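>>> sequence below, structure please.
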Amino acid sequence: MRRLLVAMAATALTLAGAATPAQAAPTPGGSGLGDTYYPDYGNSGYDVGHYDIRLRYTPATDKLTGTTTILATAEQDLSRFNLDFVLDVSSIYVNNRPATFAREGDHELVVTPARTIAAGGAMTVVVQYSGVPSTKVAEGFTAWFRTPDGALAVGEPEIAWWWYPSNDHPSDKATFDVSVSVPTGVEAISNGTMPRPPVPETLGYTRWSWRSLKPQATYLTFLTVGQYDITQDTTADGTPVYNAYSQLLSPEWRDGAQASVERTAEITDWESTLFGPWPFEARGGIVAPPGTLGFALENQTRPNYAGSFFRRGANTSVIVHENAHQWFGDSVSVAEWKNIWLNEGFASYAEWLWSEKNDEGSAQDIFDYLYATSPDDAAIWTTAPADPGTAQLFGDAVYDRGAMTLHQLRVAVGDETFRQILRTWTTDHRFGNGTTEEFTALAEKLSGQDLDALFQAWLYTPAKPALPSAAKTLTKPTMPKSWTEISQTHALLHEH
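Numbers count the residues shown, from 1 in each chain. Below is the predicted model:
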C-alpha cells in the first residue's frame, strides 16, 4: 500500500510539473522610454499613479530636504527599476523593505528592491533625500532657479530631477500632493488647490500644502518659493482661482501683471467656448521676481510668468497662450517631445483668435502679415514643425508656423468643422497624450477630406509652402494691431 501511494504521488508530481511551464525570470525596467529626442528620459517597467512630495526648504542656504512617496504599478516582473533624480539620496524603501540603489549617468537612480515585483503588482516607493538644487548639474545645466527670496522649480522639458524623484516623461502622468515647509513669512506655491491653510510648525517654519486631483505630467508640476502676495477668488462655476505676485516687482510691473493675470478667469471662460470645458480643479497664475525666470510656462492649473512680460503694461496675449496650454499640452500632452507643435502651435493660434475676438486683427490678417514678412531662409521655413529637432524645440516654426498650419486647416475645412476638430481632440485625449499622426487623422476623418498635401507642406517640409494664387497679395499687408504684443510675447516664450 505504501508503495502504491508513493507511486501515485510521484505520478501526480510529474503531471503537475509537465502542466506548469517554466516562469521567466524577473527583468530590469529600462532606463528610458525611447523618446526620439530624449531617449533616456522617463523609465519603463512601471506606471506611476500618485506622488506624495513632502519637503522642507530654506531659501538662505538653498537647502532642500524631502521624502517622496511614489505609488505605482509594475508593468512587468521587475527585478529593478530606475527613477530620474539628481539630489543626494539617503534611503529608499520599496514595499516596506529597504532597497539598494546606485547612480547611473547624470540623472538615473537605479533601485533594486529586496523582493522582486510581479507584473501588475503595487509599488510603494519611499525616497528620502537632501541637497542644494542650484549646485546640481545634469545634461550640462541646472534647471533650478534660485531667487533673491526663494526659488523656482519651473522648467521644460526638465525640472523634476532637481526636487523630487520621478518617472520623468509626459507619457506617465499622475496625481500629486505637494507639502512644503518654509520659513514663516515666505510663501510656497504649487499646482491645484489648497486642501488646508498654511500650518505653523516649530522653529519658525510654516507648512504649505497643495493637491492636484487630475493626471499631471512631471514637468508641469512646479514649486515657487518666495515672498508673494496671493489673491483668491472663484469663477462663476465655483472653480477656485489663486494668483500670486512677487513682492519684488516694481509698482509699474506689478500693475501690468495684475491687469493681465487677474483676467485669467475671463480669458479661460472664453477659451472654454472654443476648446471645451476647463479641464482642471483650479485656475490662476504666478508672476516671478524680476531677473529670475526668463519665460512663461503652462504649469497645470497655474502658469508661471516672467515679470518682464508686463514691463510695458498689460499683456493678455501671454495669458491667452499659457492658459490655452491647459487644454493643449497639459490635459492633452505630447506622446513624444517631437510632437511639441501640438502644444505651442495651438497656444499661439489661440492668441490669433483672441486678436480676432477683440478686433485687433483677424487670424487671416496675422497669417498674411507673417507669411509676407518672413524671409524664405528664415528658421520658420527651414524647420519642419512636426520634427523640429532639439535645437528648435521652442523655435519660430513650432510656434508661428504651427499656428499657420492650423489656420490653413481652418481655411480648408471651414470654421464649424475646425472647431469640431479642436473640441473632439481635447475630449478624446483628455488627461492623456497625442501625436501629430493622430491629430491629422482626426482632421481628415471629421472633415471627410484628404489633407495629406496640406499637412505635408505645412508640417513636414523644411521650406516655405507655396500659397494658391488666389490667396496671394500683391502688396505687403498692414501689420495687425495685435502683432507687436504677440511677437514680443513670443520672443520671451522662446527662452525656455
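
>>> for residue 188, helix, strand, or coil?
Using DSSP: H, G, I helix; E, B strand; the rest coil, the structure places residue 188 in strand.

>>> for the residue sitting nearest the centre point of the chain, give me its contacts.
For the chain, residue 220 is the residue whose C-alpha lies nearest the centre (Cα atoms, centre = their mean; 3.6 Å). Applying Cβ atoms under 8 Å, 6 or more residues apart in numbering to residue 220 gives the contacts 191, 298, 299, 300, 329, 330, 333. All C-beta atoms are positioned from the backbone trio N, CA, C, and that covers glycine.

>>> now do 6 Å
Residue 220 is in contact with 299, 300, 330, counting by Cβ atoms under 6 Å, 6 or more residues apart in numbering.

>>> can you check residue 436 too?
339, 386.

>>> what pLDDT does it get?
You'll see residue 436 listed with a pLDDT of 98.

>>> quick one, phi psi at it?
When read as degrees, to the nearest 10, the backbone of residue 436 gives phi -60, psi -40.

>>> the helices in the stretch 251-400 of the chain, which residues?
For the stretch 251-400 of the chain, the helices defined by DSSP state H, counting those that start in this stretch cover 251-261, 264-275, 316-324, 341-357, 363-373, 379-382, 396.

>>> what do you get for the stretch 101-250 of the chain?
In the stretch 101-250 of the chain, no helices are defined using DSSP H, counting those that start in this stretch.

>>> which one is residue 47 nearest to, not counting chain neighbours?
residue 73 (5.2 Å; Cβ to Cβ, 6 or more residues apart in numbering).

>>> doesn't that neighbour lie inside a strand?
Yes - counting by three-state DSSP, residue 73 is found in a strand.

>>> which strand residues bridge it?
Taking DSSP bridges as the rule, residue 73 bridges to residue 47, residue 122.

>>> thought it was touching residue 50?
No - contact between residue 73 and residue 50 fails when scored by Cβ atoms under 6 Å: they sit 10.8 Å apart.

>>> burial count for the residue nearest to residue 47?
14 (other Cβ atoms under 10 Å).

>>> hmm, back to that, could you find the closest non-adjacent residue to the residue nearest to the centre of the chain?
Closest residue to residue 220 apart from its sequence neighbours, by Cβ to Cβ, 6+ apart: residue 300 at 4.4 Å.

>>> also residue 121?
The shortest distance from residue 121 to any non-neighbouring residue, by Cβ to Cβ, 6+ apart, is to residue 74 (4.8 Å).

>>> can you check residue 43 too?
In space, and not counting its chain neighbours, residue 43 is closest to residue 82: 4.1 Å by Cβ to Cβ, 6+ apart.

>>> give me the mean pLDDT for the strand or helix carrying the one you found.
Following DSSP states H and E, one finds residue 82 within strand 78-84. Mean per-residue pLDDT for strand 78-84: 98.

>>> just how off-centre is that strand within its chain?
Centre-to-centre, strand 78-84 and its host chain are 23 Å apart (Cα atoms, centre = their mean, to the nearest Å).

>>> then it to PDB, C-alphas only?
The C-alpha coordinates for strand 78-84 follow below in PDB (Å, rounded to 0.1, in the frame of the first residue of the first chain):
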ATOM      1  CA  LEU A  78      10.600  43.700 -12.100                       C
ATOM      2  CA  SER A  79      14.000  42.900 -10.600                       C
ATOM      3  CA  ARG A  80      14.900  46.600 -10.500                       C
ATOM      4  CA  PHE A  81      13.800  49.900 -11.900                       C
ATOM      5  CA  ASN A  82      15.000  53.500 -12.500                       C
ATOM      6  CA  LEU A  83      14.000  56.900 -11.300                       C
ATOM      7  CA  ASP A  84      15.100  60.300 -12.700                       C
END
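
>>> gap between residue 55 and residue 188?
Distance of residue 55 to residue 188, computed by Cβ to Cβ, to the nearest Å: 8 Å.

>>> what touches both of those two?
Joint contacts of residue 55 and residue 188 (Cβ under 6 Å, 6+ apart) are residue 180.

>>> for the residue nearest to residue 121, what are its contacts?
Neighbours of residue 74 in contact, by Cβ under 6 Å, 6+ apart: 46, 117, 119, 121, 123.

>>> distance of it relative to residue 43?
According to Cβ to Cβ, residue 74 and residue 43 sit 12 Å apart.

>>> what angle do the helix or strand containing residue 70 and strand 78-84 make?
In the assignment (DSSP H and E), residue 70 maps to strand 63-74. Compare the direction of strand 63-74 with that of strand 78-84 by axes from the mean of the first three to the mean of the last three Cα atoms, to 10 degrees and you get 140 degrees.

>>> could you export strand 63-74 as PDB, CA atoms only?
Extracted C-alpha coordinates of strand 63-74, given in PDB (Å, rounded to 0.1, in the frame of the first residue of the first chain):
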ATOM      1  CA  LYS A  63      19.000  73.500   1.300                       C
ATOM      2  CA  LEU A  64      16.100  71.200   0.400                       C
ATOM      3  CA  THR A  65      15.300  68.000   2.300                       C
ATOM      4  CA  GLY A  66      12.400  65.800   1.400                       C
ATOM      5  CA  THR A  67      10.600  62.500   1.400                       C
ATOM      6  CA  THR A  68       8.700  61.500  -1.800                       C
ATOM      7  CA  THR A  69       6.300  58.500  -1.800                       C
ATOM      8  CA  ILE A  70       5.500  57.100  -5.200                       C
ATOM      9  CA  LEU A  71       2.500  54.800  -5.800                       C
ATOM     10  CA  ALA A  72       3.000  52.800  -9.000                       C
ATOM     11  CA  THR A  73       2.100  49.600 -10.700                       C
ATOM     12  CA  ALA A  74       4.600  47.200 -12.200                       C
END
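
>>> no further queries at this time; thank you.
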